[in-house]
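> Let me see the structure of the following:
(one chain, ligands or ions: 1)
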Amino acid sequence: MEKNSITRLPIYQKAGLKRPASPAQARQIYIETYGCQMNVSDSELMAGILTQNGHQMVSHLDDADVVLLNTCAIRENAETKVLNRLKQLNHRKRREPELIIGVCGCMAQHLRNQLVEAAPYVDLVMGPDAYRNLPMALNAVTNRDAFLGVRLDKNEDYADIAPIRKEGIRAWLTIQRGCDKMCTFCIVPFVRGRERSLPLKLLVEDVEKLVDQGFKEVVLLGQTVNSYHDDDYDFGELLYAVSDVNGLERVRFTSPHPADATDSMIDAMANSPNVCNHLHLPLQSGSTSVLERMRRTYTAEAYRSLVAKLRERIPELVLTTDIIVGFCGETEAEFMQTYEMMAEIRYDSAFMFKYSEREGTLAHKAFPDDVPEPEKGRRLTEIIALQERISAEINTTTVGQTFTVLVEGESRRDANRYHGKTDGFKTTVFPKADSTVGDMVDVCIASATAHTLIGQIVS
Ligand code: 5AD
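Residues are numbered from 1 along each chain as shown. All right, here's what the predicted structure looks like:
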């Protein structure tokens, strides 16, 4: 299909079906999503494919005759959680044998047949490049064999599919699928396949439609989102193009790779007022030798210089990160380099993990997983304590300052308050006053914890 001329055709044509499901075949489908925002976005894509084929999405499991778990494989505990959920669902299937259970996404791709062996009652196992076949697979479900759709397809970008999103103020937009980086700890390239970017023109049109539908904020998604490219257009140009869309209040993106943090990206962040001043920049380790074993393609020094440049160009920058402790061969001295780098950079917040060996990755083949579990636990506890202290200190400095907050919804704890995010993605809670969801309001901060800012709307 010619680039830039993609139209969103009825999907059943591509899926090889003659027509949408007849009312008799139409199913009530419930999707449960695990893992990252990319999975949230993929579930919206699955809903788009299924409804275009005459099926109906339902928001309660009790109303469903098909349940699809859209899963994550990044760490072992993500898979354990889904296996436990499957056992629960099997109880229901014993009572209602017609219930169709599908496992979709990264864990389906990772475990394939092993999953069917562990949970023989599963009817469908569909990887991230197989969603187009979901309607066909549903029709093909038999009592005997599970339907396996686990072929990766480097050309599959679902560009012609219109996702079905929940109404809200923030929309996720996948701009790139797959990953070409080969970090040794990571399962993603093996379960999501090669990197592919969607056409810039199509993405800008998508953002225009999202604004028309009432979304105020768009989050651009990719595994290494800033390696985006469409012919001569790079990620910086995409940011500029999207930020120019009339009526779009905010654009964010996640997650960038430090090696692809070009001047073009930094310029777009610094120069476009609606590109948020928040960067989630995974460090993984503060030790160059560990980074080398991880094949992160940058040194601790290069990362430091990048942060210095970012902070110079974008003084208000809110910086967050991902850290792994206890990677193969990580010595106490190497761990301390991570600890010290976190103390030096002072991230606003961080996601911190113990290394979890994943079968099929390069690290699994090349290095023993030799840091003992209690030691991984100790290291994790230490950096969490450090980060909590730093986050609380940084947030305390916001007291007395005023931030523009996009109102997202009612606070879970107090129906008289709203919550929303600052430009830097800090959760803020405040009395509703005269505001409504979707408004941009100025909130003066009165107090703060490591995770939340609390304040009042000021006029
Ligand atoms: N073990 C622990 N954490 C991992 N991550 C990715 N793979 C692993 C693994 N095998 C973390 C990285 C990444 C985040 C999404 O998950 O920090 O940035």
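> Please spell out which residues along stretch 210-220 are buried.
Neighbour counts using 16 or more other Cβ atoms under 10 Å place 210, 211, 215, 216, 217, 218, 219, 220 of stretch 210-220 among the buried residues. C-betas here are computed from N, CA, C, even on glycine.
> now do stretch 337-344
Buried residues in stretch 337-344 (16+ other Cβ under 10 Å): 337, 338, 339, 341, 342.
> Can you give the contact residues for it?
Around stretch 337-344, the neighbours that count as contacts under Cβ atoms under 8 Å, 6 or more residues apart in numbering are 283, 285-287, 290, 300, 304, 321, 323, 325, 350, 382-383, 386-387, 390.
> Repeat the analysis, applying 6 Å as the threshold.
285, 286, 287, 386 (Cβ atoms under 6 Å, 6 or more residues apart in numbering).
> what mean pLDDT would you report for that stretch?
Average pLDDT, stretch 337-344: 98.
> again with stretch 112-127
96.
> Residue numbering should commence at 54 henceforth.
All right, first residue 54 from here; so that's stretch 165-180.
> So the closest residue to the ligand within the chain, which state does it fall into?
Using Cβ to the nearest ligand atom, the closest approach of the chain to the ligand is made by residue 375 at 3.3 Å. Classification of residue 375 using DSSP: H, G, I helix; E, B strand; the rest coil returns strand.
> number of nearby residues for the closest residue to it other than its chain neighbours?
Spatial nearest neighbour of residue 375, chain neighbours left out: residue 335 (3.9 Å); criterion: Cβ to Cβ, 6 or more residues apart in numbering. When neighbours are defined as other Cβ atoms under 10 Å, residue 335 has 20 of them.
> again, but for the one 5 residues further on
Residue 340 is flanked by 23 other residues according to other Cβ under 10 Å.
> and what of residue 252?
Residues near residue 252, counting by other Cβ under 10 Å: 18.
> Quick one: which of the contacts of stretch 390-397 is the most crowded by neighbours?
residue 338 (26 neighbours).
> residues contacting that one?
344, 391 are the contacts of residue 338 under Cβ under 6 Å, 6+ apart.
> That one and residue 354, how far apart?
13 Å (Cβ to Cβ, to the nearest Å).
> same question, residue 451
Residue 451 is 30 Å from residue 354, by Cβ to Cβ.
> any idea which element residue 395 lies in?
Using DSSP states H and E, residue 395 falls within helix 385-398.
> right, and the helix or strand after that helix?
Heading C-terminal from helix 385-398, the first helix or strand you meet, by DSSP H and E, is strand 402-407.
> tell me the angle of that following strand relative to helix 385-398?
If you take axes from the mean of the first three to the mean of the last three Cα atoms, to 10 degrees, strand 402-407 sits at 170 degrees to helix 385-398.
> where are the low-confidence patches of the stretch 204-353 of the chain?
Within the stretch 204-353 of the chain, no stretch has pLDDT under 70.
> could you pull out the strands for it?
Listed from the start of the chain, the stretch 204-353 of the chain has strands (DSSP state E, counting those that start in this stretch) covering 223-227, 229-230, 249-250, 270-274, 282-283, 286-287, 303-307, 331-333.
> Can I get those strands in TSV including distance to the ligand?
Below are these laid out as TSV (distance: least, Cβ to the nearest ligand atom, whole Å):
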stretch	distance to the ligand
strand 223-227	16
strand 229-230	15
strand 249-250	20
strand 270-274	13
strand 282-283	21
strand 286-287	22
strand 303-307	10
strand 331-333	9
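> Turn these into TSV, columns for distance to residue 186.
Output for these, formatted as TSV (distance: least, Cβ to Cβ, whole Å):
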stretch	distance to residue 186
strand 223-227	19
strand 229-230	16
strand 249-250	18
strand 270-274	23
strand 282-283	26
strand 286-287	31
strand 303-307	28
strand 331-333	33
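> Out of those, which gets nearest to residue 196?
With Cβ to Cβ, the closest approach to residue 196 among those belongs to strand 229-230: 33.6 Å.
> residues in contact with that closest one?
In contact with strand 229-230 (Cβ under 6 Å, 6+ apart) are residues 210, 249, 250, 275, 281.
> neighbours of residue 358, just the number please.
12.
> quick one: pLDDT of it?
98.
> tell me the SS of it?
Going by three-state DSSP: residue 358 is helix.
> Do any residues in the lengthiest helix in the chain lie close to the ligand?
Looking across the chain with DSSP state H, the single longest helix is helix 426-449. No: looking at helix 426-449 against the ligand by Cβ under 6 Å from any ligand atom, there are no contacts, and the closest approach is 9.7 Å.
> Okay, buried residues for the helix or strand just after that helix please.
Note on helix 426-449: by DSSP H and E, the next helix or strand toward the C-terminus is strand 455-463. For strand 455-463, burial by neighbour count (16+ other Cβ under 10 Å) applies to 456, 458, 459, 460, 461.
> what's the residue nearest to residue 153 when sequence neighbours are not counted in contact with, if anything?
Leaving aside its sequence neighbours, residue 153 sits nearest to residue 119 (Cβ to Cβ, 6+ apart; 4.3 Å). Residues near residue 119 by Cβ under 6 Å, 6+ apart: 80, 82, 153.
> Model confidence for the nearest residue in space to residue 462 that is not next to it in sequence, exactly?
Nearest residue to residue 462, sequence neighbours excluded (Cβ to Cβ, 6+ apart): residue 490, at 5.8 Å. The confidence metric pLDDT takes the value 97 at residue 490.
> Could you confirm residue 490 falls within a helix?
No: counting by three-state DSSP, residue 490 is not found in a helix; it is coil.
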